[in-house]
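Visitor: got a sequence here, can you build the structure:
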Amino acid sequence: MSSKEGKQRRAIPKFTSFKPTPEPEPETRPATAAREEQEAQSNKHHKHRHSHRPKESQNGHSGNPKRTLPQDRHVVPKNDIFFFDKRGDPLIVRYGGNELSKIPAYRRFWTGKVMGSDGYLVIHRDGPREQFSIRLDRDRAGAGSVFRDRSAVLLAHSNAKHIRPGTDSLATDEGDDFIALEPAKKRRRIDDEFGGEKKPDYRSIHGKAKVGEESNSEDASESEESEDEGPVEMTATKKRSIELTRQVRNHPDDIGSWLELIKLQDVLFRENEHDADVRSADAVRGLAELKLSLYEEALPHATNPADKERVLVGLMREGAKIWEPKLLAKRWDDIFKTNGESFALWRARLNFELTQMTTFTYEGLRDFIVDRLRTMNDVFSKSPTDEVLSGQLIYVFLRLTRFLHDTGYSELAVAAWQAALEMTFARPETEEQDFESALASFSDFWESEVPRIGEDGAKGWREFAESIAMVDPPEPKTNKTYEVIQTRDPFKAWAAAEQDDARKARMPARTLDEGTEDDPFRVVMFSDIKDLLVWIPAYALPQARPQMLDAFLMFCRLPTACLAQKDVVFSALLMDPFVACRGQAFESTFDKNILGGSTSSEEVARKDPEFKQQGANMALTQDVLFSGPNWFSYLGEWSRMRSLGYDDEVDSSWVLGTLKSVVRVYGVEALAEYYLALEWRNEPSAARTAARKVAKTLLKQYSSNMRLWNAYALIEWANQNLEVAEKILSSAAGQNLPGGQLLWNTWAWIHLEAGQKQPALQRLGSSVESGVVTVSPALLLKARSHFSSARDYSLSSLQLEKAVQHAESLALLEYLAAPADDSAEPASESQGNITAALSSIQGFCDELKALGTAESSVYHERLLQTAARVLYYHATHGPYRPTYLRSQLTSFNAAYPHNTIFLELLAWANQSTVLLLINDPVRDILRQQSDSGDRDDSPYLLTDSRFAIMYEAARAASAGATMTMHSTRAAFEAALDRNFNTKVNTDLWICYIAFLQSLASAAARREADRPEPKSGKQKGSGNGGSDTMMKDVQNVFYRAIAACPWSKRLYMEAFRGGLLRQMSSAELRAVVATLVGNGLRVHVEMEGFIERWKKK
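Guide: As a prediction, the model looks like this:
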């Protein structure tokens, strides 16, 4: 005790009547003093532990003889800093951490890095919590969590500019409110190094720096040494992001700006990524969390039902990438309680339920779709002014029938379509309004078992209702006999028997048909389809009939006829991956052997583009509908489909019969071209006479249809009957049909492809002045003036079909007649002026683009396809500059980035040099498309993914290198791993399995050629061995089943090829048990069949 304290203490009188005066409380030390003493003790203890000769070793263990150890180890001595808490603080759970005011001040060494993590792990503060984070860039000190907030995501890999505070801020007192971003030692070292003077830094992001400004980060200063002076440029995407952020902050009810800002996050994220090829799972999850938080911020401000629907759909889409399935299902239930009438939300909920392997059942999903169909039928009958309902109703019906067909109930799906088409096209006039009375009449028609639409001898519901005489049912049919497979494998034999019975059940049977007693599902009664009927009110039939026909073609896995292409919303619905048409070129790529070996550069340069593009994205024109072997085809061949093992699809004869009835009996003239093309594509190649008969029959019925005449001529030209084609064109041109310029264009192309430039010019001149024998300069001037004026007048009067025809005529005229000296491109005698032709087309395309309508966009794309055709002809008939070819195709692709024709021609133009380039331009285009902000909503994602995979497979076939095989597999994984629109497409999964099996087969062949290893290791057991590859195939098969649990065809892949040999009998039985347990259709019971097979 000090003397000062003794003077202040008073003597206490020793009277018993007085109580002693209580001692004053000891003075509380300031927090700063306690902190300084704590640091001093800590430093003293640190020096004491690390001294070379500690005092304890000199004086023994009793360095402090007055110190006594406590008897009880649980008794903690009293301390001003720490205290012993036996109960705990219940508020820790509520607020997620300790109370910050009770935590002593401390400083972490080396900016929060975790020892042993090499800088990848750091400790950061997120509100009251301290968390570990993974830093993606090891050179960025103190980066914190990349996915902690929105700003960190956008700046994950960017080099941020840190500006050192001015001199005044560094000279502030300790009591000022600031946070030091560097340890004190580092700050003192910097101050000593510069002598306390702050020199100007001329690398400031604001231009020339002022005195007192310098970089506050060593990393930033190092990275800035290579930068030029002046302001840093911001990308247009970041500028737009800043504008949208301000907009939603000032006007939170602007949902359009919210959605645009959310879509912009994909582009911003890609701009800040270093790796251009692979995006990690953590990055995908972080981006989804960012977009999810934006959706949640926008949701309270979405008061309009349409806006709320869009926000909820996006929110659930991003939530599916993050939330657990149980939480996701709960959120869907909560949303549907208040938004059950929303069509978009119903569609998203259906997609979610279809992909849930643990909860999927056939009955549950069928009832879910049927309930929606009933509701929309009722709403449609009560809303006569709603034009959108017809498209939504037909889409729901399409989803229902595709679901029935994919799960194995093909005859029920076909019967539902027969009923829908009869009710839409063959409705009796007396049944136009009353649905209830129409049901009674249609029930009589159905139960009579007379031929229905698409079947031989079908006359339709109208004929049946108006006829007085009784109509006899068709004769009983016998089942087709298929070749019995000879095998000793019982599972392979069962799969063959199951496939045979599935072929027999492609069409609904009649009561007296053979085999119906063993399978009751074969006969479809009216009670089976009553809940599946679609009733379109009479006022909506003109709009609904084109939609119904396009949807029917999609059900048959065929491309649409574009009858309803003016309805943009409905056309986007038909591109749904659950109902998308088959990509025949894509599937045939993996059906043939693509591992044949490397190809020389000359052979690669001479390789033609892949012209068979059914299922691809292109504008529908007669050039692609009736194309020959040297241009792209819109439709494929059913014979190719059968060779790929798709016999369980819709019966081709029924499809052709249905289209024939619609065109010839019910008078749908707009479908005549498509029906003729389908007949021509699928007739035997040896005869080629059936299409001629069909064409003549159609021309008798629609004699004034100029497009049918032109289609007939194109068929004969493709069949190498040039004289017949010219006779057809001459006959049609003499009739002066409206829109006859198309005939002259086709005639000019026939001569041009034959290398006859002068006759081609004569045909173009004959369209202006009849009887042209020689082409004079005056005629050329007259033709140019005529084509140009007719084109511009048709455009001004919005006759776009006629305008495009004259624009094509003018382009061909410029190509054939313009002087070659005026072109900067090389040309031979068989070539023309490609510069003049493309300039003519580009000038008119600008005018079409200025209209800004959906219809003008279609014609704009058609005209660019014509330009691509002229460009391809020029490149294949003489010299050309590859740079010019690629630049033109790149501009076409920029206008329509999803057009497969432009992508394929661009790949063809780069194929001779692509293996030598560091940056692949086609890959860059495909990557930009996949990184667009609307990739989750894009209806073109499936076609883009197909082309990307085909492109990588083509590179693999050309190079024959292992790396290109890995790139093909990476393209499959990119499409099937995280993209929902492609993950649910069964065709992609089946082709992926076939591709991996081809890799395993190639590896097995290589192993068979190698000598036996001397060690005990077996062949094929390594990382690249065939056994390991087959295990990968099996894993991919299980992933496919989990993603598409409704597809019976996907389950049956286990009984084909290498999977059948790879999987054990228990695994194969488990596959069938899962198939049956989910409610999918099985014709042959497996266990009983195997027992009978063993006895035989």
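Visitor: any idea how far A1000 is from R1010?
Guide: Relative to A1000, R1010 is positioned 16 Å away (CB to CB, to the nearest Å). Where C-beta positions appear, they are placed from N, C-alpha and C, glycine not excepted.
Visitor: between these two, who's got more neighbours?
Guide: Legend: neighbour count by other CB atoms under 10 Å for R1010 and A1000, higher for A1000 (23 against 8).
Visitor: run a quick neighbour tally on the closest residue to that one other than its chain neighbours.
Guide: Leaving aside its sequence neighbours, A1000 sits nearest to M1029 (CB to CB, 6 or more residues apart in numbering; 3.8 Å). Counted with other CB under 10 Å, residues neighbouring M1029 total 23.
Visitor: secondary structure element for M1029?
Guide: Using DSSP states H and E, the element containing M1029 is helix 1026-1043.
Visitor: ok, and what's touching that helix?
Guide: The set of residues external to helix 1026-1043 that reach it, using CB atoms under 8 Å, 6 or more residues apart in numbering, is 355, 357, 976, 983-984, 986, 989-990, 992-993, 996-997, 999-1001, 1003-1004, 1007, 1018-1022, 1050-1051, 1053-1054, 1058-1059, 1062-1063, 1071, 1074.
Visitor: can you check stretch 560-567 too?
Guide: Contacts of stretch 560-567 (CB under 8 Å, 6+ apart): 391, 543, 546-547, 549-550, 553-554, 570-571, 574, 581, 620, 670-671, 674, 854-855, 858.
Visitor: which of those count as buried?
Guide: Among these, those classed as buried by 16 or more other CB atoms under 10 Å are 391, 543, 546-547, 549-550, 553-554, 570-571, 574, 581, 620, 671, 674, 858.
Visitor: out of the residues you listed, which is nearest to Q842?
Guide: V858 (17.8 Å; CB to CB).
Visitor: which residues are in contact with the closest one?
Guide: Applying CB under 8 Å, 6+ apart, the residues near V858 are 565, 619.
Visitor: residue boundaries of the helices in the stretch 801-950 of the chain?
Guide: In order along the chain, the stretch 801-950 of the chain carries the following helices (DSSP state H, counting those that start in this stretch): 834-851, 854-876, 882-895, 900-910, 921-930, 941-959.
Visitor: identify the farthest-apart pair in the buried ones among the contacts of stretch 560-567.
Guide: Q543 and C581, at 22.6 Å, using CB to CB across the buried ones among the contacts of stretch 560-567.
Visitor: centre of the chain versus stretch 417-431, how much separation?
Guide: With CA atoms, centre = their mean, to the nearest Å as the basis, stretch 417-431 stands 37 Å off its chain's centre.
Visitor: in the chain, which spans are strands?
Guide: Applying DSSP state E to the chain gives strands spanning 121-126, 129-134.
Visitor: contacts for stretch 889-906, please.
Guide: Residues outside stretch 889-906 that contact it (CB under 8 Å, 6+ apart): 609-610, 613, 616-619, 624, 632, 845, 849, 860-861, 864-865, 867-868, 871-872, 886, 909, 921-922, 925-926, 928-929, 940, 943-944, 947, 951.
Visitor: quick one, phi/psi of the residue nearest to R506 when sequence neighbours are not counted?
Guide: Distance criterion CB to CB, 6+ apart; nearest residue to R506, sequence neighbours excluded, is D651 at 4.8 Å. Backbone torsions of D651, given as degrees, to the nearest 10, read phi -60, psi 120.
Visitor: wait, isn't A544 in contact with I536?
Guide: Yes - in this structure, A544 is within contact of I536 by CB atoms under 8 Å, at 4.5 Å.
Visitor: mutual contacts of the two, please.
Guide: By CB under 8 Å, 6+ apart, the residues touching both A544 and I536 are 390, 424.
Visitor: quick one: contacts for the residue lying closest to R1069 once chain neighbours are set aside?
Guide: Nearest non-adjacent residue to R1069, counting by CB to CB, 6+ apart: M1086, 7.2 Å away. In this structure, M1086 makes contact with 494, 1069, 1072, judged by CB under 8 Å, 6+ apart.
Visitor: now do M1086, the pLDDT please.
Guide: Note on M1086: pLDDT of 91.
Visitor: could you pull out the helices for the stretch 501-650 of the chain?
Guide: For the stretch 501-650 of the chain, applying DSSP H, counting those that start in this stretch gives helices covering 526-529, 541-555, 568-573, 584-591, 601-606, 622-625, 638-643.
Visitor: so which residues make contact with the second one?
Guide: Under the contact criterion CB under 8 Å, 6+ apart, helix 541-555 has outside partners 387, 390-391, 394-395, 397-398, 401-402, 405, 413, 417, 420-421, 424-425, 536, 559-564, 567, 570-571, 574, 579-581, 650, 658, 662, 668, 670-671, 674.
Visitor: contacts only, for the closest residue in space to P325 that isn't next to it in sequence.
Guide: Nearest residue to P325, sequence neighbours excluded (CB to CB, 6+ apart): Q356, at 6.4 Å. Shown in contact with Q356 (CB under 8 Å, 6+ apart): 325, 329, 1045.
Visitor: of those residues, select the buried ones using a PyMOL command.
Guide: Those of the contacts of Q356 that count as buried under 16+ other CB under 10 Å are selected in PyMOL with:
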select buried, resi 329+1045
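Visitor: L532 touches W417, doesn't it?
Guide: No - look at L532 against W417 with CB under 8 Å: they stay out of range, at 9.5 Å.
Visitor: joint contacts of those two?
Guide: With CB under 8 Å, 6+ apart as the test, L532 and W417 both reach T401.
Visitor: comparing those two, which residue is more hemmed in?
Guide: W417 (27 against 23).
Visitor: the helices of the stretch 801-950 of the chain into JSON lines, with extra columns for distance to D367?
Guide: Shown next, in JSON lines, are those (distance: least, CB to CB, whole Å):
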{"stretch": "helix 834-851", "distance to D367": "46"}
{"stretch": "helix 854-876", "distance to D367": "37"}
{"stretch": "helix 882-895", "distance to D367": "45"}
{"stretch": "helix 900-910", "distance to D367": "38"}
{"stretch": "helix 921-930", "distance to D367": "36"}
{"stretch": "helix 941-959", "distance to D367": "28"}
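Visitor: for R506, which of these is the nearest?
Guide: Nearest of the helices of the stretch 801-950 of the chain (CB to CB): helix 941-959, 25.3 Å.
Visitor: so what secondary structure elements neighbour that closest one?
Guide: When contacts are defined as 3 or more CB pairs under 8 Å, 6 or more residues apart in numbering; DSSP states H and E, helix 941-959 sits against helix 584-591, helix 900-910, helix 921-930, helix 962-977, helix 980-983, helix 986-1009.
Visitor: picking up where we left off before, and the residue nearest to P325, what are its phi and psi?
Guide: Torsion angles, degrees, to the nearest 10, at Q356: phi -100, psi 100.
Visitor: could you check how far it is from V396?
Guide: Counting by CB to CB, the gap between Q356 and V396 amounts to 20 Å.
Visitor: with P559 instead?
Guide: Distance, P559 to V396, using CB to CB: 21 Å.
Visitor: over to H898?
Guide: Distance from H898 to V396, by CB to CB: 26 Å.
Visitor: what do you get for E289?
Guide: Distance, E289 to V396, using CB to CB: 33 Å.
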